[in-house]
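Colleague: Model the following, please.
(2 chains)
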Amino acid sequence: MAQTERTNLWEHMNDELRWNVDNLVEMAVTGKVSQPAVRRGGYTPWPDGVGVMLPGMSGIIYSARVGDRAFGWAGDHVEPGVSIAHTDERADFALHYLTCIGNEAEVMTGFARGAKGIVTGEHARILVDFAPEVLEDMTIGDTIQIRTVGRGIRLEDHPGIEFKKTSPALANALGLRADGGRIHCPVAMELPPRIMGSGAELNAEFVDQDLMSGDRALMAELGIDQMRLGDLIGIRNVDHRFGRSYRDGWVAICICIHGDSVMTGHGPGILTLMTGPADLLEFDVDPAANIAHTLGIRGQA
Amino acid sequence: MNNELATNLDDLIAVSVAGHIAHPGFPGLPAEPYRLTSDGTPFLLPTYGGIVYNVSVGDRAFGWAADCIHPGVSILQADDNQNRGLNVFACIGNRAKVMTGGAAGTTGVVTGKSGRFSEQVIVHIPLEARTQMAVGDQVLVRAEGIGLELTDHPDVTLKGISPQLLAALPVQEREGHVAFGVSAHIPPHLIGAGLGLTSQGGSVHMQSTDRALLAELGLDDLRLGDLVALEDTDSRYNHGYLRGARAIGVVCATDGPRAGYGPGIAILMTAPGGQLGSFEDTGTNIVDLLDVTG
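Modeller: Predicted structure coming up:
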């Protein structure tokens, strides 16, 4: 995105909220479009043990895009758009730790060279959205460069709220508003902490935590099965600052980055964007809270 | 005194699996040696692996200046697949024997396992013998228990429990239902690291960030070796949330300061829909059930 456009973006940010965007460092990182891989005998078990072999992770996904449903695909951990990684481990961790949701990406090699995309998630690989016609021109191994910016972002008047993986573009798109000392964020739905699963073993700066969809009746009862890729999600009584754990009176605001899974303890991927104590951070349910339109991924709303 | 649960014991295979005492490890420079507490404070403390001289099964699980310590000795295989063979086939309650080094010939017992990022098998060796051992010594486990079934309760899946430990558990049995005595019940919102990871071997941790809640539920006085029930947890294929499901395991590693990493629990059995129950039986611990000494 050109510098002038960025400046415009800042100007459109909610006047009540003062961000430290002028102090953020913008830096390039790259990854290559990954090849899906299947390990020998690589069945994935349903909770009753029946094994299946399904696509979903890595590569170029043509049929699922941010804004589409998170549940019901004949796939496992479906990663919308293009999944990129770096072959050098240290460079790959830089790709993981510096990239923020909403960062701009550009295809640097191949037929689609010059095409622009938007980062929509971080899973085992970084997930980038490109328009369908761009995907048609891309291949495994194409280099994607990301202009990372957002690491270190904060609200000047609300230091008690911590942001993760939040680009200035996403910060603007979240629809935050201040109500006294408290920040409100619209979310598409609330998840109960007892169904937050795989990812509890990781630090909270790395990838996501799956919601556990194994209780299918509960998914329907609570309407969780209506979740869409790119939905903003609220969770009460969890602290996502340094790991993700149960703590009474804390709140996390997250985003759904990948699709459902058949595996016990897994489900749609919920990536942390904000966390703080409940007297500083609150969410309000609005089923339309999804980045597909607010980030301009599928046209403006 | 043994219970009278019907099993397929006569069909089980007993097979050797071996491991070597694991060396404690830290990531190399430029990585920081610190881990973070759930409040973000860096800490540098002893953690899993090695020979531990002053923590044994039966001791308290909380309050150590340490991060998820394995009591006794921890063993593994250098090769990934062979280590998986060790971690999956070794069952809680199996006999272990020191095969090399200064304590060669000493027998012990498997008391736990650990999962992602460590993947070790935890063995109790009497304290006196531990002082004779060296990192790298080989420990052989007579692995027996994988394939074990409760023939009258086919919906209960047994996971890495030895026939000896199964036979020693306090039990209440009725048609279509079997319940076991446990020291504590852990609610599903306090299950942590290990969710979504394999339940063939390894462990799942309870959470301990919310200390006030632990105190309220009386969970902060758990001991290593205590039997615990995990409510609404389905551990048949991975660990995950399911209303009505239950898993029963043994506390096998101490608490730690990290988010998601309270005491480690090796799962012994699970059922998805009410076929497995548990009842409060304060102090139920494998030290007594397996007559662990030293």
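Colleague: pLDDT below threshold where in the stretch 101-250 of chain B?
Modeller: Under the criterion pLDDT under 70, no range of the stretch 101-250 of chain B is flagged.
Colleague: Give me the spatial nearest neighbour of the residue of it found nearest chain A, chain neighbours excluded.
Modeller: Closest residue of the stretch 101-250 of chain B to chain A, Cβ to the nearest Cβ: B:Gly196 (2.2 Å). For glycine as for every other residue, the C-beta is placed from the backbone atoms N, C-alpha and C. Spatial nearest neighbour of B:Gly196, chain neighbours left out: A:Ser198 (2.2 Å); criterion: Cβ to Cβ, 6 or more residues apart in numbering or on different chains.
Colleague: thinking again about what came up before, list the contacts of the residue of the stretch 101-250 of chain B closest to chain A.
Modeller: A:197-200, A:210, A:212, A:263-266, B:238-240 (Cβ atoms under 8 Å, 6 or more residues apart in numbering or on different chains).
Colleague: How about the residues of the stretch 1-150 of chain A by chain B?
Modeller: Counting by Cβ under 8 Å from any Cβ of the partner chain, the residues of the stretch 1-150 of chain A close to chain B are A:45-49.
Colleague: run the last query once more with 10 Å
Modeller: A:44-51, A:90 (Cβ under 10 Å from any Cβ of the partner chain).
Colleague: Show the buried residues in these.
Modeller: Neighbour counting by 16 or more other Cβ atoms under 10 Å in any protein chain shown classes A:44-47 among the residues of the stretch 1-150 of chain A next to chain B as buried.
Colleague: ok, back up a step: do you know how far the residue nearest to B:Gly196 is from A:Arg216?
Modeller: From A:Ser198 across to A:Arg216, the span is 17 Å (Cβ to Cβ, to the nearest Å).
Colleague: Ok, B:Ala66 next?
Modeller: 40 Å.
Colleague: okay, the two: which has more neighbours?
Modeller: Using other Cβ atoms under 10 Å in any protein chain shown, the more surrounded residue of B:Ala66 and A:Arg216 is B:Ala66, with 18 against 13.
Colleague: okay, the more buried one: pLDDT?
Modeller: At B:Ala66, the predicted lDDT confidence score is 95.
Colleague: Okay, buried residues for whichever strand in chain B runs longest please.
Modeller: Counting residues, the longest strand found in chain B (DSSP state E) is strand B:240-253. Across strand B:240-253, burial judged by 16+ other Cβ under 10 Å covers B:240-243, B:245-253.
Colleague: swap in stretch A:203-222?
Modeller: Within stretch A:203-222, the residues that qualify as buried by neighbour count (16+ other Cβ under 10 Å) are A:203-205, A:207-215, A:218-219.
Colleague: Out of these, list just those in helices.
Modeller: Using DSSP state H, A:218-219 are the members of these that sit in helices.
Colleague: secondary structure class for B:Trp216?
Modeller: Heads up, residue B:216 is Glu, not Trp. Per DSSP: H, G, I helix; E, B strand; the rest coil, the secondary structure class of B:Glu216 is helix.
Colleague: Quick one: neighbours of it, just the number.
Modeller: By other Cβ under 10 Å, the residues close to B:Glu216 number 10.
Colleague: that older thread, contacting chain B as well, which ones from the buried residues of stretch A:203-222?
Modeller: Contacts with chain B within the buried residues of stretch A:203-222, counted by Cβ under 10 Å from any Cβ: A:203-204, A:209-215, A:218.
Colleague: got those as TSV, with pLDDT columns?
Modeller: Below are these laid out as TSV (pLDDT from 0 to 100):
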residue	pLDDT
A:Asn203	93
A:Ala204	94
A:Gln209	98
A:Asp210	98
A:Leu211	98
A:Met212	98
A:Ser213	98
A:Gly214	97
A:Asp215	98
A:Leu218	98
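Colleague: Mind jotting down where the strands sit in the stretch 101-250 of chain A?
Modeller: Counting by DSSP state E, counting those that start in this stretch, the stretch 101-250 of chain A has strands at residues A:104-107, A:116-122, A:126-129, A:143-148, A:162-163, A:177-179, A:182-187, A:189-191, A:209-210, A:232-239, A:245-258.
Colleague: again with the stretch 101-250 of chain B
Modeller: In the stretch 101-250 of chain B, the strands defined using DSSP E, counting those that start in this stretch lie at B:107-113, B:121-124, B:138-143, B:157-158, B:171-174, B:177-182, B:184-186, B:204-205, B:227-234, B:240-253.
Colleague: Which elements pack onto the fourth one?
Modeller: Packing contacts for strand B:157-158, counted by 3 or more Cβ pairs under 10 Å, 6 or more residues apart in numbering or on different chains; DSSP states H and E, involve strand B:264-271.
Colleague: and the next helix or strand after the strand it packs on with chain A, contact?
Modeller: Sequence order places strand B:276-280 as the next helix or strand after strand B:264-271, per DSSP states H and E. No - using Cβ under 10 Å from any Cβ, strand B:276-280 stays clear of chain A, coming no nearer than 15.0 Å.
Colleague: Can you give the domain ranges for the chain?
Modeller: Just going to use chain A. A:3-148, A:162-294 (automatic domain parsing).
Colleague: could you do chain B instead?
Modeller: Chain B resolves into domains spanning B:9-143, B:157-289 when parsed by automatic domain parsing.
Colleague: Point out the most buried one among the ones you listed.
Modeller: Stretch with highest mean neighbour count among the domains of chain B: domain B:157-289 (a mean of 23; mean count of other Cβ atoms under 10 Å in any protein chain shown).
Colleague: tell me how far that one is from the chain's mean position?
Modeller: Centroid separation for domain B:157-289 versus its chain: 9 Å, with Cα atoms, centre = their mean, to the nearest Å.
Colleague: that older thread, list just the nearest of the buried residues of stretch A:203-222 to B:His124.
Modeller: Set against B:His124, the nearest of the buried residues of stretch A:203-222 by Cβ to Cβ is A:Asn203 (31.5 Å).
Colleague: That closest one reaches B:Ala259, doesn't it?
Modeller: Yes - A:Asn203 is within contact range of B:Ala259, at 8.4 Å (criterion: Cβ atoms under 10 Å).
Colleague: Which neighbours do these two have in common?
Modeller: Listed as contacting both A:Asn203 and B:Ala259 by Cβ atoms under 10 Å, 6 or more residues apart in numbering or on different chains are A:242-244, B:36.
Colleague: Isn't A:Trp250 up against A:Ile235?
Modeller: Yes - contact criterion Cβ under 10 Å: A:Trp250 and A:Ile235 qualify, at 9.1 Å.
Colleague: what is in contact with these two at once?
Modeller: A:193, A:275.
Colleague: what's the nearest residue to A:Asp215 if we skip its chain neighbours?
Modeller: B:Leu242 (5.0 Å).
Colleague: Skipping adjacent residues, who's closest to A:Gly175 in space?
Modeller: Among residues not flanking A:Gly175 along the chain, A:Pro186 sits closest, at 5.0 Å (Cβ to Cβ, 6+ apart).
Colleague: before we move on, what about A:Arg69?
Modeller: Nearest residue to A:Arg69, sequence neighbours excluded (Cβ to Cβ, 6+ apart): A:Arg228, at 5.7 Å.
Colleague: Can you give me the distance of the one you found to A:His77?
Modeller: Applying Cβ to Cβ, the value for A:Arg228 to A:His77 is 16 Å.
Colleague: who's more crowded, the two?
Modeller: Each of A:Arg228 and A:His77 has its neighbours counted (other Cβ under 10 Å); A:His77 has more, 25 against 21.
Colleague: ok so, going back, what number of residues lie near the residue nearest to A:Gly175?
Modeller: A:Pro186 has 20 neighbouring residues, counting by other Cβ under 10 Å.
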